[in-house]
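Colleague: This is a predicted model, with the sequence first.
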There are 2 protein chains.
Amino acid sequence: MQQLSSTRSFDGLQNRYQHSSSSLNCEMTFSVFLPKVANAGKTVKLPVLYWLSGLTCTDENFVQKACAQRVASELGLLIVAPDTSPRGDEVADADSYDLGKGAGFYVNASAEPWAAHYQMYDYITRELPELINAQFPVDADRQGIFGHSMGGHGALTIALKNPASYRSVSAFAPICSPINCPWGQKALASYLGDDVSTYAEYDAVELLKVNSQPVPMLIDQGGDDEFLAEQLKPELLVAAATAKNYPLTFNEREGYDHSYFFIASFIEEHLRFHHEILTA
Amino acid sequence: MQQLSSTRSFDGLQNRYQHSSSSLNCEMTFSVFLPKVANAGKTVKLPVLYWLSGLTCTDENFVQKACAQRVASELGLLIVAPDTSPRGDEVADADSYDLGKGAGFYVNASAEPWAAHYQMYDYITRELPELINAQFPVDADRQGIFGHSMGGHGALTIALKNPASYRSVSAFAPICSPINCPWGQKALASYLGDDVSTYAEYDAVELLKVNSQPVPMLIDQGGDDEFLAEQLKPELLVAAATAKNYPLTFNEREGYDHSYFFIASFIEEHLRFHHEILTA
């Protein structure tokens, strides 16, 4: 692991790293925010939050635009922001923003030409936490996950599939049911191939229906989000949660769109939600 | 004036506009943050802050990275963020990041090939406020100005030259004395030509020495700023202020660099500084 940069932010450090990923079979970058308590030389084990970004993003969008550092530093939360797909010249790509590089959808690809590198599910759930737990002052038992849009889909599905590993999950404008929207159908068909029976394991609505170990879940959704009706479909997740009394708090935010201006407006509430659970 | 976009942010609106500038002789874009009180349909006249950005920036850097909207919305401050130079194919440019487009230095150019468009001082002090005062719910008597690096230089010089128009001024890592640093010497020689006697009217240190109507001034400077020693020279401004008991608060922030992570870390203090004066 090589440090690419280190910048002071709210008495903490906003750092960026590069490493060789064995699961993705390529070089990857990721960002880590170390809150001020980690910067003060004390021996502490911090709660850790993983942020998963949306289509076209890298590890830097959240870091530059979400305004999370102020509250994360105050609360003592370490935040890891990975990239959204494998990267590099040898990695398969597509001529569209919603497939290939920048659009890994947090799945393990089984179909060609994607399987050689697109193993984002393993990277996020196994390889990256192992690296973080070994290299940073975090408490692996106090782990939460959150994300935006495609990354909201990633956060929800990963928490629902690994309730023993994540104590809290939240999302901004998540793709709630990829099997029921164009972005998701295209991605799952490409990465997983023709066997549609395998798609449900990456669909938050389907996973929530069969989940038996609930992880407290917070979702914020902008009411003027241009992707709401066609791509996001939170009503399917709310219905599934209501049907089994799943602990979901769902906030529709009137007038907000799909952008990082929406995320920044409510990031404090999400950080405090995770902090309260992770330090309980 | 044409509205390019409008995005909800912290119960306010982050808007972007385009207009034909007569002083710059080209099309310009600028951004305006309308705090929630302006968004609530009430008839109010808001204090207004002008933010001037640094080299290579447009009107969007501050909007996306400074995390100013939360506190501006809370305090009821309207923030105008203009571009940093004239724009367009017909506008003279240079093959460097520190001259020409993105590097207007907030001066009125008198030398060729710059004079036809590079009249940023007139644009910021006269044309843009006239437009803002006519189109937005602002109180023209409660006006402050702030900026970063080249824009910090712009804010300081403009306030010092127009103490009746600006009640408060602040800056992050400003170029304090362009006549004494490479960035400034290059820009002033290019835009103003050979008569070095004209340079002092765009030098904050020289202007502060002769100022007879002080505007309360706040400056934050990162201690690990890579441009501090060669380009910024705050020690010259602090010495001039001390010599005449000018109301300058100067904070050196240990470990911080020149980036928007530094700005975001202290933007709340600057907004509260301006708000307190503008609403006194």
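Modeller: That came through fine.

Colleague: so who does whatever residue of the stretch 101-250 of chain A ends up closest to chain B touch?
Modeller: Relative to chain B, the nearest point of the stretch 101-250 of chain A is residue A:224 (7.3 Å; CB to the nearest CB). C-beta here means a position set from N, CA and C on the backbone, and glycine is covered the same way. Neighbouring residues of residue A:224 by CB atoms under 8 Å, 6 or more residues apart in numbering or on different chains: A:254, A:255, A:256, A:257, B:8.

Colleague: would a markdown table of those residues with pLDDT be doable?
Modeller: A markdown table is the format used below for the contacts of residue A:224 (pLDDT from 0 to 100):
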| residue | pLDDT |
| --- | --- |
| A:254 | 97 |
| A:255 | 97 |
| A:256 | 98 |
| A:257 | 98 |
| B:8 | 98 |
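
Colleague: Make a PyMOL selection of the buried ones in those.
Modeller: If you want just the buried ones from the contacts of residue A:224 in PyMOL, going by 16 or more other CB atoms under 10 Å in any protein chain shown, the selection is:
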select buried, (chain A and resi 256+257) or (chain B and resi 8)
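
Colleague: can you give me phi and psi for the residue of the stretch 101-250 of chain A closest to chain B?
Modeller: Main-chain dihedrals, residue A:224, degrees, to the nearest 10: phi -110, psi 30.

Colleague: Quick check: the gap between it and residue A:261.
Modeller: Residue A:224 sits at a distance of 11 Å from residue A:261 (criterion: CB to CB, to the nearest Å).

Colleague: intersection of neighbour lists for the two?
Modeller: Counting by CB under 8 Å, 6+ apart, the common neighbours of residue A:224 and residue A:261 are residue B:8.

Colleague: just to revisit the earlier point, from the contacts of residue A:224, which two are the most distant?
Modeller: Using CB to CB, the pair of the contacts of residue A:224 lying farthest apart is A:254 and A:257, separated by 11.3 Å.

Colleague: Get me the contact residues on chain A for chain B.
Modeller: Contacts of chain A with chain B, taken as CB under 8 Å from any CB of the partner chain, map to A:7-11, A:14, A:64-65, A:67, A:69-70, A:222, A:224, A:255-257, A:259-262, A:264-265.

Colleague: could you flag which of those are buried?
Modeller: A:7-11, A:14, A:64-65, A:67, A:69-70, A:222, A:256-257, A:259-262, A:264-265.

Colleague: In strands, which of those residues appear?
Modeller: Among these, DSSP state E puts A:7, A:8, A:9, A:14, A:222 in strands.

Colleague: Spatially nearest residue to the second one (excluding sequence neighbours)?
Modeller: So the one you mean is residue A:8. Of all residues not flanking residue A:8 in the chain, residue B:255 sits nearest, at 4.4 Å (CB to CB, 6 or more residues apart in numbering or on different chains).

Colleague: Do a quick rundown of the helices in chain A.
Modeller: Under the criterion DSSP state H, chain A carries helices at the ranges A:60-65, A:69-75, A:120-122, A:128-135, A:150-161, A:182-192, A:204-210, A:234-243, A:260-278.

Colleague: give me the number of residues near the nearest residue to residue A:149 once chain neighbours are set aside?
Modeller: Among residues not flanking residue A:149 along the chain, residue A:54 sits closest, at 3.3 Å (CB to CB, 6+ apart). Neighbour count of residue A:54, defined by other CB atoms under 10 Å in any protein chain shown: 26.

Colleague: repeat for residue A:170
Modeller: Residue A:170 has 28 neighbouring residues, counting by other CB under 10 Å.

Colleague: pLDDT score assigned to it?
Modeller: On pLDDT, residue A:170 comes in at 98.

Colleague: in the stretch 1-150 of chain A, which segments are predicted with low confidence?
Modeller: Residues of the stretch 1-150 of chain A that meet the criterion pLDDT under 70 lie in A:40-42.

Colleague: who's in contact with the residue lying closest to residue A:67 once chain neighbours are set aside?
Modeller: Nearest residue to residue A:67, sequence neighbours excluded (CB to CB, 6+ apart): residue B:67, at 3.9 Å. The contact partners of residue B:67, by CB under 8 Å, 6+ apart, come to A:67, A:70, A:264, B:264, B:267.
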